[in-house]
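Undergrad: model the following, please.
(one chain, ligands or ions: 1)
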Amino acid sequence: MAYLEEQLETMPQEQLVELQLEKFKKQVRHLCQNEFYRRRCMEAGLSPDDLKDREDIKKVPFTFKKDLRDNYPKGLISGNWDDVVRIHMTSGTTGVPTILAYSKNDIETWTRCMARNFVAGGLRRDDVVQQAHGYGLFTGGFGFHYGLERAGAKVIPTGSGGTERQLRLMQEWGTTVFTGTPSYAAYIAEIAMEKGIDPIKDLKLRLGFHGGEPCSDGLRKRINERLGYRAHGGGMRVCYGLTEMGGPMSMDCEYECGQHIWADHYLVEAIDPVTLNYVKPEEAGELVLSNLSFEAMPILRYRTGDRVTVSFATCPCGRTHPRITSFLGRVDDMILVSGTNVFPSQVEYVLLKHPELSENWQLVVSDKRGLHSIKVEIEPVPGSRVDEDFVSRLEKELHDYLEIKCSVEIKAVGSLPRFEGKAVRVLDQRQ
Ligand SMILES: [Zn+2]
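TA: Below is the predicted model of the structure:
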């Protein structure tokens, strides 16, 4: 078992908890230099000296996405502006973007966390990696790139897109590792098939590190099979992260039993979003994260809106840090249809249980005389037989699982959009 920083990664949990409390207190003091946080703490009647033990962490007010938006662009930077060397942000397609500013040390912390992830996931120095997460305002490309390089692999920074060239490079360089969104991995597999390239025979891919969007177990299984990761003795590792915490940050290790979150740099809490009490380990709750090490713009007790289960048990790999053991949905992705919450990941879960169906699908939400309706449009796998009976069984299955009526329309192969970055699965045509 390889580690990047063995002592820190396998630190006894009591020590980790002590270290977290120390760092958390220091961050609160640091944040109180910023006007927004000073006011927040004052309103909560909290002084940094009140934080004595772990229970006291709960006294610190939460931070919400709205706080980041309201204070755009520079309002939440609590470090020295002169020390800022990088700014990333979300696309902001649905309004004001959320940003994160980094100091030189922040970039270093991020790099080390990502490098730990890659080593834990089985990356070796002799690996050739095609890094296809987008470079730009999005955090994915840079976060992956730095971590991969630090871990000592050979990185080809292709960015996303140029699918035929990606495949050509994979053959010419004997690429062993591919990174990008899960939907892009699925798309590359589809194009390979079209071009007569058999990833198991013609390519050497053994590891995939894929993040940037939720991924169902069904899609993961397909990527593992179609890109040859499993056949070559490796597998697909899922990555989790968010701009507000600095970007990609946690990943599966070789045991694939949840994404490790480095507790010496991030504090993990899981709460009931209504009562705000902690949920029990392995019980579903909202993930709340604090950045314990960043200087420029650390955010404490950030309400991610992500429903997850977290395990604090030591992993079979020997790492003592907590893991996200299941990802039940991102509130941002949730759609409300006639009073029912629908997560696109739930729809994908049902669809991909059927080998007849491809991973090219979309959800169309529309409004008929005030009544909401949802329709799944999906392409079959080329050559597979999908008849009316199949469709009505699938509609029933979706209804049972989503608790809402949902029609299914089978589309011609190649007619639905493909994605090089994050997939857009929902077409909301409601007024
Ligand atoms: Zn592990």
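Undergrad: ok, which stretches of the stretch 201-350 of the chain are helices?
TA: 217-226, 344-351 (DSSP state H, counting those that start in this stretch).
Undergrad: also compute the angle for the last one relative to helix 217-226, please.
TA: What that stands for is helix 344-351. Interaxial angle of helix 344-351 relative to helix 217-226 (axes from the mean of the first three to the mean of the last three C-alpha atoms, to 10 degrees): 60 degrees.
Undergrad: for the ion, what are the nearby residues on this protein?
TA: C253, C315, C317, R319 (C-beta under 5 Å from the ion). Every C-beta, even on glycine, is put in place using the N, C-alpha and C of the backbone.
Undergrad: leaving out chain neighbours, which residue sits closest to the first one?
TA: So that's C253. A120 (3.9 Å; C-beta to C-beta, 6 or more residues apart in numbering).
Undergrad: distance check, that neighbour against E282.
TA: As judged by C-beta to C-beta, to the nearest Å, A120 and E282 stand 21 Å apart.
Undergrad: what about the two, which has more around it?
TA: Ranked by neighbour count (other C-beta atoms under 10 Å), A120 and E282 place A120 first, with 27 against 14.
Undergrad: hmm, who's touching the longest helix seen in the chain?
TA: When the chain is scanned for its longest helix (criterion: DSSP state H), the result is helix 13-31. With contact meaning C-beta atoms under 8 Å, 6 or more residues apart in numbering, helix 13-31 is reached by 11, 37, 41, 48, 51, 53-54, 57, 60, 78-79, 263-264, 267, 290-293, 295, 298, 300, 312, 314, 320-321.
Undergrad: run the last query once more with 7 Å
TA: 37, 48, 51, 54, 57, 60, 78, 263-264, 267, 290, 292-293, 298, 300, 320 (C-beta atoms under 7 Å, 6 or more residues apart in numbering).
Undergrad: and for stretch 248-255?
TA: 113-114, 117, 120-122, 139-140, 143-144, 209, 211, 237-241, 259-261, 266, 315-317, 319, 324.
Undergrad: whichever of those end up buried, select them in PyMOL.
TA: Buried residues among the contacts of stretch 248-255 (16 or more other C-beta atoms under 10 Å), as a PyMOL selection:
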select buried, resi 113+114+117+120+121+122+139+140+143+144+209+211+237+238+239+240+241+259+260+261+266+315+317+319+324
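Undergrad: take the contacts of stretch 248-255 and keep only those in strands.
TA: Residues of those located in strands (DSSP state E): F209, R237, V238, C239, Y240, G241, Q259, H260, Y266, I324.
Undergrad: pretty sure T243 contacts I87?
TA: No: proximity of T243 to I87 does not meet the contact threshold set by C-beta atoms under 7 Å, at 10.7 Å.
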